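# have a look at this prediction, sequence included:
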Amino acid sequence: MALVACLKLIIKLFIIFYYVNCNEISHQRRQDTILKQLLNELDLLSPPNVSMNNFNEIDINDFIDSEGINNYGNKILEESGITLGEVNGNNVSFSIPLGFRNKVLEDGKLIVKDLFSDYKFDVIDIKIIHNNDNKVIGSKNFSLNDIKDSIMVPIMNKALEKIVRSYGKLDISLTGIIYNYDDNNILLKTNDVTLKIGSEIPYISYMVYSKHKTRKERSLNKSCDGTSDHEPSCCLETFRIDVSKSPWNFIISPSFIDVKRCRGTCVKHDQATVNSDILRKSEIKHYQSCCYASEYEVIKVLYASDNFGTLQFKNITNLVAKRCRCY
């Protein structure tokens, strides 16, 4: 009897160990698949070797929609705008038209055709500094060949909108972090410099949207939460990613990504699927179709696009499923 009890305990422990390890492997495989998909969407070959700790001098909250960048949409594009700058020494001032100051300004870009430094460099990380509060509102790195004709540096959406509403204009200067290759072909930081603007007048371009925003409709599909014995076979499964952990920590915002996938099979007796009524009435007794995402939510991601810490926004359109259907 003792031997039988011992064997039952061993079998039970083995089943628990096997179940836990299988879940961990499945969890890691899903993370790897999602990471590859995200990198592809962001046009990255591998995760940049940076994290939130690289941006201590930046107040990230200035660049993120305080209402929640993932929850609003339906902005109406009205027009695009271009504003010429007034150069005063190393400073440039852009006066935004009065009619744009209560609009949503996004996709801001600074274009400078005549920019130079007293220092030689192989790579330079150019930062846009808002002079009123001495904060970085945009950055991008360039090689020496990139900077010969003109440069374009993106401006953070939230920073542009907030500054225009507060001041009605944009007063900036440009700084740069100089990098040079040593004898071993290793790129090393050399200097922090203030950049000089030449005779060519710089300008900013931006898109102008109306302020009308509505909350996105929540999914009408049932989730795969396992709380019901009659859970639909085609349902939404949520998988949370903590981007503060490596290799995800090149994502600056949001702090979590709730990936949603359509999971399951579509069977003839499933009452919850879109085409289940047709299937039930069909003559095909064992019909089975594919469960797929028919609609996605858009999430806006703030991320470092390279090892220099260049920040960019991008809309990701295929990670968060909103509705599931059967094919």
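Yes, it's here.

# just checking, residue 310 touches residue 138?
No - between residue 310 and residue 138 there is no contact under C-beta atoms under 8 Å: 9.3 Å. C-beta here means a position set from N, CA and C on the backbone, and glycine is covered the same way.

# just want to know which of these two has more residues nearby.
Set side by side, residue 310 and residue 138 show more neighbours around residue 138, with 24 against 21, by other C-beta atoms under 10 Å.

# residues in contact with the more buried one?
With contacts defined as C-beta atoms under 8 Å, 6 or more residues apart in numbering, residue 138 is in contact with 108, 110, 127-128, 153-156, 159, 311.

# what's the burial count for residue 197?
Residues near residue 197, counting by other C-beta under 10 Å: 21.

# picking up where we left off before, looking at the contacts of residue 138, which are in helices?
residue 159 (DSSP state H).

# ranges for the strands of the stretch 201-327 of the chain?
With strands called from DSSP state E, counting those that start in this stretch, the stretch 201-327 of the chain shows them at 203-209, 214-215, 235-242, 251-253, 256-263, 265-267, 288-304, 311-326.

# filter the contacts of residue 138 down to the ones in strands?
Judged by DSSP state E, strands contain the following of the contacts of residue 138: 108, 110, 127-128, 153-155, 311.

# pLDDT below threshold where in the stretch 151-300 of the chain?
Within the stretch 151-300 of the chain, the segments meeting pLDDT under 70 span 211-222, 225-232, 267-289.

# am I right that residue 93 is in contact with residue 83?
No - between residue 93 and residue 83 there is no contact under C-beta under 8 Å: 9.9 Å.

# so which of these two has more stuff around it?
Taking neighbours as other C-beta under 10 Å, residue 93 and residue 83 compare with residue 83 leading, 18 against 15.

# which stretch of helix or strand covers the closest residue to that one other than its chain neighbours?
Excluding the flanking residues, the one nearest residue 83 by C-beta to C-beta, 6 or more residues apart in numbering is residue 94, at 4.7 Å. Using DSSP states H and E, residue 94 sits in strand 91-95.

# same check on residue 34?
Using DSSP H and E, residue 34 maps to helix 2-41.

# quick revisit: what sits in contact with each of residue 93 and residue 83?
residue 170.

# and the strands in the stretch 51-200 of the chain?
Secondary structure of the stretch 51-200 of the chain (DSSP E, counting those that start in this stretch): strands at 72-73, 77-84, 86-88, 91-95, 104-112, 115-116, 123-130, 135-143, 151-155, 169-181, 187-194, 196-197.

# partners of the longest one, with directions?
Which is strand 169-181. Applying DSSP bridges, strand 169-181 is found paired with strand 91-95 (antiparallel), strand 123-130 (antiparallel), strand 187-194 (antiparallel).

# residue 40: neighbouring residues, count only.
11.

# can you offset everything so residue one is 52?
Let's use 52 as the start, then, which means that last one is residue 91.

# sorry, back to before: wouldn't the residue nearest to residue 134 be in contact with residue 256 here?
No - with contact defined as C-beta under 8 Å, residue 145 does not reach residue 256; the gap is 10.7 Å.

# settle it for me: which of those two has more neighbours?
Using other C-beta under 10 Å as the criterion, residue 145 and residue 256 rank with residue 145 on top: 21 against 15.

# beta partners for residue 342?
Under the criterion used here (DSSP bridges), residue 342 is bridged to residue 377.

# that one against residue 375, yeah?
Yes - using C-beta under 8 Å, residue 342 makes contact with residue 375 at a distance of 5.9 Å.

# list the contacts of stretch 237-248.
With C-beta under 8 Å, 6+ apart as the criterion, stretch 237-248 contacts 138, 141, 143, 163, 165-170, 172-174, 177, 224-233.

# most tightly surrounded among the strands of the stretch 252-378 of the chain?
Counting by mean count of other C-beta atoms under 10 Å, strand 302-304 has the highest mean neighbour count of the strands of the stretch 252-378 of the chain, with a mean of 22.

# ok, that strand: who's next to it in the sheet?
Here, using DSSP bridges, strand 302-304 pairs with strand 339-355 (antiparallel).

# between the partner strand and strand 286-293, how many degrees?
Interaxial angle, strand 339-355 versus strand 286-293 (axes from the mean of the first three to the mean of the last three C-alpha atoms, to 10 degrees): 20 degrees.

# any idea of the angle strand 339-355 forms with strand 307-314?
Orientation of strand 339-355 against strand 307-314 (the same axes, to 10 degrees) gives an angle of 170 degrees.

# quick one, phi psi at the residue nearest to residue 201 when sequence neighbours are not counted?
Leaving aside its sequence neighbours, residue 201 sits nearest to residue 164 (C-beta to C-beta, 6+ apart; 4.1 Å). Phi and psi for residue 164, reported as degrees, to the nearest 10, are phi -100, psi -10.

# ok, how many other residues are close to residue 237?
8.

# repeat that for residue 235.
Residue 235 has 6 neighbours, counted by other C-beta under 10 Å.

# and residue 139, bridged to which residues?
Listed beta-bridge partners, residue 139: residue 142 (assigned using DSSP bridges).

# again, but for residue 131
residue 258.

# follow-up on the earlier one: overlap in contacts, residue 342 and residue 375.
285-286, 313.
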